[in-house]
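# below are the sequence and a predicted model for it; my questions follow.
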Amino acid sequence: DSGVTQTPKHLITATGQRVTLRCSPRSGDLSVYWYQQSLDQGLQFLIQYYNGEERAKGNILERFSAQQFPDLHSELNLSSLELGDSALYFCASSVGLAASTDTQYFGPGTRLTVL
Amino acid sequence: SQKIEQNSEALNIQEGKTATLTCNYTNYSPAYLQWYRQDPGRGPVFLLLIRENEKEKRKERLKVTFDTTLKQSLFHITASQPADSATYLCALEAGGSYIPTFGRGTSLIVHP
């Protein structure tokens, strides 16, 4: 158990809909990262928040947005969903800013299926 | 273009042998490289980090090497066990972004 929690575990929805994925980082971790993992793309970095502020952006679509709240939990909002958005979405947390040197702790993921 | 290459074919080995997985990269100059383990349907788990000025790092049965001239990292599991069966991902820092970029991973299957 990494100490990172994600809800829900599974989500099935239709094209055009909007969903919210939630992540609670490990106690004491200030950074939250969101990743998307699909069979054809591998693990792709979407966005990082550190202590409530956006710090880095990866391959995140404009239809996707995220935020980190004062209690440090984070939400990833996906809107106007398309079939291609079906994937595993992982949240990770770390103590500091630099995931390349900090240990990232990954949550169990949310499996999103868009029908 | 930048590439991180891990063998897409699964590596099958017998229990007790040493498994060696390869991570090659092009058009990167990473200061750090990480290895993760991922079980099906679960999040990656951090295993080891190696810096560019370190040739080798060990942790229990795991050993990682980092050759910046060859642009390659090797990941070894000695005395492999069926419980080591998983996908292993390498991740490297790209251009000072502080966010590692992940390879697609190599599946390791250890047969009893």
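Structure received. For clarity, every value in this text was computed on a predicted model and none was experimentally measured.
# residues in contact with residue 85?
Going with chain A. A:78, A:112, A:114 (C-beta atoms under 8 Å, 6 or more residues apart in numbering or on different chains). In this view, the C-beta of every residue, glycine as well, is placed from N, C-alpha and C.
# my bad, chain B
B:108, B:109, B:110.
# pLDDT-wise, which helix or strand of chain B ranks last?
strand B:100-102 (a mean of 90; mean pLDDT, DSSP states H and E).
# before we move on, the earlier item: just among the contacts of residue A:85, which is most surrounded?
residue A:78 (24 neighbours; other C-beta atoms under 10 Å in any protein chain shown).
# for burial, what's the neighbour tally of residue 76?
In the absence of a named chain, this looks at chain A. There are 24 residues near residue A:76, going by other C-beta under 10 Å.
# look at chain B instead
Residue B:76 has 16 nearby residues by other C-beta under 10 Å.
# do the same with residue A:52
Neighbour tally, residue A:52, other C-beta under 10 Å: 14.
# partners of the nearest residue to residue A:65 once chain neighbours are set aside in the sheet?
Leaving out its chain neighbours, the residue that sits closest to residue A:65 by C-beta to C-beta, 6 or more residues apart in numbering or on different chains is residue A:77, at 4.9 Å. Judged by DSSP bridges, the bridge partners of residue A:77 are residue A:20, residue A:65.
# quick one: contacts for residue A:77?
Neighbours of residue A:77 in contact, by C-beta under 8 Å, 6+ apart: A:18, A:19, A:20, A:21, A:64, A:65, A:66.
# just the buried ones from these, in PyMOL syntax?
Here is the PyMOL command that selects the buried residues among these (16 or more other C-beta atoms under 10 Å in any protein chain shown):
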select buried, chain A and resi 19+21+64+66
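# let's have the contacts of residue A:77 in JSON lines, adding pLDDT.
Shown next, in JSON lines, are the contacts of residue A:77 (pLDDT from 0 to 100):
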{"residue": "A:18", "pLDDT": "98"}
{"residue": "A:19", "pLDDT": "98"}
{"residue": "A:20", "pLDDT": "98"}
{"residue": "A:21", "pLDDT": "98"}
{"residue": "A:64", "pLDDT": "97"}
{"residue": "A:65", "pLDDT": "97"}
{"residue": "A:66", "pLDDT": "97"}
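# between the contacts of residue A:77, which is nearest residue B:10?
residue A:21 (30.3 Å; C-beta to C-beta).
# so that closest one makes contact with residue A:6?
Yes. Residue A:21 lies in contact with residue A:6 (C-beta atoms under 8 Å); the separation is 6.9 Å.
# overlap in contacts, these two.
Joint contacts of residue A:21 and residue A:6 (C-beta under 8 Å, 6+ apart) are A:89, A:91, A:110.
# show me the residues you listed that map onto strands.
A:89, A:91, A:110 (DSSP state E).
# chain B versus the last one, what's the distance?
Summarising the geometry, the distance separating residue A:110 from chain B, computed by C-beta to the nearest C-beta, to the nearest Å, is 11 Å.
# does that residue touch residue A:11 like I think?
Yes. In this structure, residue A:110 is within contact of residue A:11 by C-beta under 8 Å, at 6.0 Å.
# and for these two, which residues touch both?
By C-beta under 8 Å, 6+ apart, the residues touching both residue A:110 and residue A:11 are residue A:21.
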